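Asks: Kindly return the folded structure for what I paste below:
(one chain, ligands or ions: 1)
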Amino acid sequence: MPTKDTKKTDAKGASKKPASRKLATFNKNRDYFLRAAKIFPGAIYGHQSPALTVPGSFPYYATHGKGCHYWDVDGNEFIDYMCAYGPMVTGYGNPVVEKAAAAELAKGNCYNHPTPFMLELGEFLVDLIPFADWCVFAKNGSDVCTWATLVAREATGRKKIVMARGAYHGIHPWCTPGHGGLIEEDRAHMLYFNWNDLTGLRALFDQYPGQIAGVILTPFHHPAFGDSQMPAPGFWAAVQKLCNDSGTVLILDDVRAGFRLDLRGSQEYFGFQPDISCYCKAIANGYPLSAAAGKDSLKTAAANVFLTGSYWNSAAPMAASLANIKYMQQIDGVSIMMRMGQMLMDGLVERGKAFGYEMITSGPYSIPFIRFGKETNFMRQQVFAAEVTKRGSFFHPHHNWFISTAHTEADINQSLDSAEEAFAIVKKQFGD
Ligand code: PMP
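Replies: Down below sits the predicted model:
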């Protein structure tokens, strides 16, 4: 259970002068990175590449974590606002989750067959997610997002898939934000519209009548290097109607937001009904697992789209997932994350104001995004995030952040104190 140290919080909240924290140094991190560069293409590839943060100001290699804190190879401790880019949701080393996973690991974990945990977790999810009649499991968000588009094609006999421009659905050729290795044909049947632009979406349905197999969308739009955009009033109802009226499969990519807005799925938070939804990240508190859940009408198509993998039946991640979601239900995890996220965002806005900065926040508080109001090139943001990170709170410079149920008011206050020092540095360096 997260503990709330309110006494310390009040005392800290009242203090005007934050105590300076020892600045992190990253020498071992750099040495590890140089070693990695010799044997791994890109050294640390993907979204965790140092090229995507501020080289020299962020940790590259972690050693261990506890609650919402983790440590790097230089021994620096961080309050984590990225939560492993989403998977950590109930705290690193959460004893409830670890106990459930450890029991299965000790017994064997991965067999020729699924274990009863697959049934138990499957029944639990189908019960939990109101529109779901069935579910499947895989390992990554990309696996289930791609698979869901194939189910849409199988069910409809159509080719086209619609997605929002700038949305992220994984690393497969139809949607990867990378360019390497792609051929034109990979995206020959992809169609795009701008988030919240119903006119643009309707135009695609008019232009390709009877040809759109599926529309895949995240519950809200969360591009990197930009504000998160919530659905405009009526957006989801209109998308659902367009899909229903044209026999198109509506796929909700809940990989990032799932279990942080509503434990039953983000469609409940926004009030609509997809045909399939995809989960990963927060589903098992860091154990490798993803899932897709769908309506009965798609069950035969789902059975016809081949789905398997080396580890896809492993017991430990399923046991971890069951324990993790039940634990969140027990503590009302979503409201804890919302409250902590709001405290952080409100605090940053307020402390920024004292330096003359208007900070712009967007997205739900449990998955918040913040930037400098006058920012045009993220330079201030990079310096700010780097200075806070050096002071022991991991702030990403251009990606949405993640809050966990393990964050406490004391953690938030400590991070706000570090942010105040960072605001002073930004002010000195950039002025307004
Ligand atoms: N969809 C969304 C919305 C995501 O945020 C991600 C991962 N960042 C994915 C799909 C892909 O998931 P994975 O990295 O597990 O393949």
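Asks: Strands of the stretch 151-300 of the chain, start to end?
Replies: Here the stretch 151-300 of the chain has its strands, by DSSP state E, counting those that start in this stretch, at 160-164, 190-193, 212-217, 249-253, 276-279, 290-294.
Asks: do the third one and the ligand meet?
Replies: Which is strand 212-217. No - Strand 212-217 lies out of reach of the ligand by C-beta under 6 Å from any ligand atom, never closer than 9.1 Å. (Glycine included, C-beta is placed from N, CA and C.)
Asks: So what touches that strand?
Replies: Strand 212-217 is contacted from outside by 145, 148-149, 152-153, 155-164, 167, 169, 191, 201, 204-205, 239, 242-243, 246, 248-253, using C-beta atoms under 8 Å, 6 or more residues apart in numbering.
Asks: Reformat the strands of the stretch 151-300 of the chain as CSV; add mean pLDDT, mean neighbour count and distance to residue 40.
Replies: Output for the strands of the stretch 151-300 of the chain, formatted as CSV (pLDDT from 0 to 100; neighbours: other C-beta atoms under 10 Å; distance: least, C-beta to C-beta, whole Å):
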stretch, mean pLDDT, mean neighbour count, distance to residue 40
strand 160-164, 98, 24, 30
strand 190-193, 98, 17, 30
strand 212-217, 98, 25, 31
strand 249-253, 99, 28, 28
strand 276-279, 98, 30, 28
strand 290-294, 98, 27, 24
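Asks: burial measure for whichever residue of the stretch 51-200 of the chain sits closest to the ligand, as a count.
Replies: As assessed by C-beta to the nearest ligand atom, the ligand sits closest to residue 141 within the stretch 51-200 of the chain, at 2.2 Å. Neighbours of residue 141 under the rule other C-beta atoms under 10 Å: 25.
Asks: now do residue 381
Replies: Neighbours of residue 381 (other C-beta under 10 Å): 21.
Asks: Go ahead and confirm it touches residue 372.
Replies: Yes - checked against C-beta atoms under 8 Å, the pair residue 381 and residue 372 is within contact range at 5.8 Å.
Asks: per-domain residue ranges of the chain.
Replies: Domain assignment for the chain by automatic domain parsing gives 8-92+333-430, 108-331.
Asks: How far does the longest one sit from its chain's centre?
Replies: Spelled out, it's domain 108-331. 13 Å (C-alpha atoms, centre = their mean, to the nearest Å).
Asks: gap between the two ends of it?
Replies: 30 Å (C-alpha to C-alpha, to the nearest Å).
Asks: what do you get for stretch 228-236?
Replies: 16 Å.
Asks: Buried residues in it, which are they?
Replies: Buried residues in stretch 228-236, counted by 16 or more other C-beta atoms under 10 Å: 228, 229, 230, 231, 235, 236.
Asks: Just the helices from the stretch 151-300 of the chain, written as ranges.
Replies: For the stretch 151-300 of the chain, the helices defined by DSSP state H, counting those that start in this stretch occupy 198-207, 235-246, 266-270, 299-304.
Asks: hang on, the earlier thing: now the buried residues of stretch 228-236 in a markdown table, please, with extra columns for distance to residue 99.
Replies: Conversion of these to a markdown table gives the following (distance: C-beta to C-beta, whole Å):
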| residue | distance to residue 99 |
| --- | --- |
| 228 | 35 |
| 229 | 40 |
| 230 | 37 |
| 231 | 38 |
| 235 | 42 |
| 236 | 38 |
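Asks: which among those are in contact with the ligand?
Replies: Near the ligand, by the rule C-beta under 6 Å from any ligand atom, you find none of these.
Asks: would you turn those residues into TSV with pLDDT and distance to residue 216?
Replies: Below are those laid out as TSV (pLDDT from 0 to 100; distance: C-beta to C-beta, whole Å):
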residue	pLDDT	distance to residue 216
228	97	18
229	98	17
230	98	18
231	98	15
235	98	15
236	98	14
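Asks: which bits of the chain sit near the ligand?
Replies: Residues of the chain lying near the ligand (C-beta under 6 Å from any ligand atom): 140, 141, 142, 145, 168, 169, 170, 218, 253, 255, 256, 280.
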